[in-house]
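# Below is the structure, and that's it, no one-letter string:
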């Protein structure tokens, strides 16, 4: 089988570095391009770093992107012109950004996920089922914790869990977003979904969804111990995307959850 030519954008970030490690052990890929959004005169894994340009992505089959929203949208513009596939692990998009991503997906295959872990995507699926099964007397809230260097909050995964709650209730997620709290010891339930984000130390990722009727509490949670969990999932997504037509896909499509 011919190897898939891989580009990693945001290669000096935490996930970029982990993706480089994972790609070295994955026989399906050949790492050919590494990019950053500023000029850095150095080599990583024997590859000279490039800016995000048409020339940098010309010979790749798929781009895996863990950067920031502005950078992701620049990459999508280039990828759509070159007809390249893109796996997006970046989080923190606005509604306007999401609309642009959907527009680009009409030209190229895009798989976007705030979390590439099998376990987390199963958690999102179970959250949707629980939300659908529980009546309106059950209020919900979401807790998440990450390392102190993570800038956005709530995390992309927490928002995906919130959307799972909304989808289960057949409601618009953006209308259900409540308080977005940071580093609070306690946080309340509400008629809307409240979020509490903790940023400390080297925490890789913890997420918990709680439903309460006032008489009982139901908790669904996930904890990650190894960052390779996400990079391996991103490479699985990149391989899966190779044979897909233009469209906007998610990890649920890859994992075939009903």
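Received, thanks. No experiment lies behind these values; they were computed from the predicted model shown.
# Could you measure from the residue most central in space within the chain over to residue 102?
What sits nearest the mean C-alpha location of the chain, by Cα atoms, centre = their mean, is residue 114, with 1.9 Å. Separation of residue 114 from residue 102 (Cβ to Cβ, to the nearest Å) stands at 16 Å. Backbone N, C-alpha and C define where each C-beta goes, glycine included.
# that older thread, contacting residues around the residue nearest to the centre of the chain?
89, 91, 155-157, 159-160 (Cβ atoms under 8 Å, 6 or more residues apart in numbering).
# now it, nearest residue through space, not along the chain?
Nearest non-adjacent residue to residue 114, counting by Cβ to Cβ, 6 or more residues apart in numbering: residue 156, 2.6 Å away.
# again with residue 117
That would be residue 229: by Cβ to Cβ, 6+ apart, it lies 5.0 Å from residue 117.
# Next, the nearest residue to residue 227 once chain neighbours are set aside: phi, psi?
Leaving aside its sequence neighbours, residue 227 sits nearest to residue 18 (Cβ to Cβ, 6+ apart; 4.7 Å). Backbone torsions for residue 18, taken as degrees, to the nearest 10, come to phi -70, psi -40.
# low pLDDT regions in the stretch 1-150 of the chain?
1 (pLDDT under 70).
# circling back: SS state for the residue nearest to the centre of the chain?
coil (DSSP: H, G, I helix; E, B strand; the rest coil).
# in the stretch 51-200 of the chain, which spans are helices?
Secondary structure of the stretch 51-200 of the chain (DSSP state H, counting those that start in this stretch): helices located at 54-57, 69-82, 95-104, 118-133, 156-168, 173-176.
# So which other helices or strands are in contact with the first one?
Here helix 54-57 is seen to pack against strand 29-35, helix 69-82 when contacts are counted using 3 or more Cβ pairs under 8 Å, 6 or more residues apart in numbering; DSSP states H and E.
# let's see 6 Å
helix 69-82 (3 or more Cβ pairs under 6 Å, 6 or more residues apart in numbering; DSSP states H and E).
# what angle separates the helix it packs on from helix 95-104?
Orientation check (axes from the mean of the first three to the mean of the last three Cα atoms, to 10 degrees): helix 69-82 against helix 95-104 gives 10 degrees.
# returning to what we had before: pretty sure the residue nearest to residue 114 contacts residue 92?
No - applying Cβ atoms under 6 Å as the test, residue 156 and residue 92 come out as separate, 7.0 Å apart.
# can you count the residues close to residue 42?
Residue 42 is flanked by 8 other residues according to other Cβ atoms under 10 Å.
# when you give positions from now on, start the count at 27
With 27 as the first residue, the last one maps to residue 68.
# out of everything not next to it in sequence, what's closest to it?
Counting by Cβ to Cβ, 6+ apart, the residue nearest residue 68 is residue 75, at 6.1 Å.
# what separates the one you found from residue 113, distance-wise?
Taking Cβ to Cβ, one finds residue 75 at 20 Å from residue 113.
# neighbour count winner among those two?
Between residue 75 and residue 113, counting by other Cβ under 10 Å, residue 113 is the more crowded of the two (28 against 18).
# for the more buried one, which residues make a bridge with it?
Taking DSSP bridges as the rule, residue 113 bridges to residue 90, residue 137.
# any idea how far residue 178 is from it?
19 Å.
# do the same with residue 112
20 Å.
# Which one's more surrounded, those two?
When residue 112 and residue 178 are compared for neighbours, residue 112 comes out ahead with 27 against 16, by other Cβ under 10 Å.
# Surely that one touches residue 87?
No - using Cβ under 6 Å, residue 112 is not in contact with residue 87, being 10.9 Å away.
# which stretches of the stretch 177-284 of the chain form strands?
Ranges of strands in the stretch 177-284 of the chain, per DSSP state E, counting those that start in this stretch, are 203-208, 219-225, 231-238, 243-250, 273-275.
# Those: which one's closest to residue 158?
Ranking these by proximity to residue 158 (Cβ to Cβ) places strand 231-238 first, at 11.5 Å.
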